[in-house]
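**Student:** Next input, structure requested:
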Amino acid sequence: MTNQLITDRLRAFFQSSFENRELADDQDIFSEGFGNSLFAMQLVEFVEVEFNLEIENDDLDLDNFRTMNRLTDLVSRKIQAMAAA
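**Tutor:** Numbers count the residues shown, from 1 in each chain. So this is what the prediction gives:
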């Protein structure tokens, strides 16, 4: 799966969560007040279901979820690790 496809799926999720707001790929979702703890849990669940992977405790660093770019990197790393296993 390409990084662009990952980003497109994440963007669709963010757009459905934040109606009428378009986020830049490097925009910090949490510092700008879009995300809260409930949203963070929903985001983790979405990523696990959408990309068929498990977010482990070590992955739960908020920095991995701040922007679409960082989240795309996390998902890409997890997919690559699963493929290599």
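
**Student:** buried residues in stretch 39-49?
**Tutor:** Residues 39, 43, 46-47 are the ones in stretch 39-49 that count as buried (16 or more other CB atoms under 10 Å). From N, CA and C alone the C-beta is placed, and that goes for glycine too.

**Student:** Same check on stretch 57-72?
**Tutor:** Under the neighbour-count criterion of 16+ other CB under 10 Å, stretch 57-72 has 59, 64-68, 70-72 buried.

**Student:** likewise stretch 26-34?
**Tutor:** Result for stretch 26-34 [16+ other CB under 10 Å]: buried residues 27, 29-30.

**Student:** what separates it from the chain centre, distance-wise?
**Tutor:** The chain centroid and the centroid of stretch 26-34 are separated by 12 Å under CA atoms, centre = their mean, to the nearest Å.

**Student:** Also stretch 23-43?
**Tutor:** Taking mean C-alpha positions (CA atoms, centre = their mean), stretch 23-43 and its chain are 9 Å apart.

**Student:** quick revisit: looking at the buried residues of stretch 26-34, spot the one nearest residue 78.
**Tutor:** Using CB to CB, the shortest approach to residue 78 within those belongs to residue 29, at 19.1 Å.

**Student:** what number of residues lie near the closest residue to the closest one other than its chain neighbours?
**Tutor:** Nearest residue to residue 29 in three dimensions, chain neighbours excluded: residue 35, at 4.5 Å (CB to CB, 6 or more residues apart in numbering). Residue 35 has 20 neighbouring residues, counting by other CB atoms under 10 Å.

**Student:** Phi, psi for residue 35 please.
**Tutor:** Per-residue torsions, residue 35: phi -110, psi 150 (degrees, to the nearest 10).

**Student:** Residue 27 is in contact with that one, correct?
**Tutor:** No - proximity of residue 35 to residue 27 does not meet the contact threshold set by CB atoms under 8 Å, at 11.0 Å.

**Student:** picking that back up, now, which of the buried residues of stretch 57-72 lie within helices?
**Tutor:** Taking DSSP state H, the ones among the buried residues of stretch 57-72 that sit in helices are 68, 70-72.

**Student:** Distance to residue 9 for those residues - can I get that in a markdown table?
**Tutor:** Below are those laid out as a markdown table (distance: CB to CB, whole Å):
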| residue | distance to residue 9 |
| --- | --- |
| 68 | 10 |
| 70 | 15 |
| 71 | 10 |
| 72 | 9 |
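
**Student:** Right, I'll call it a day here.
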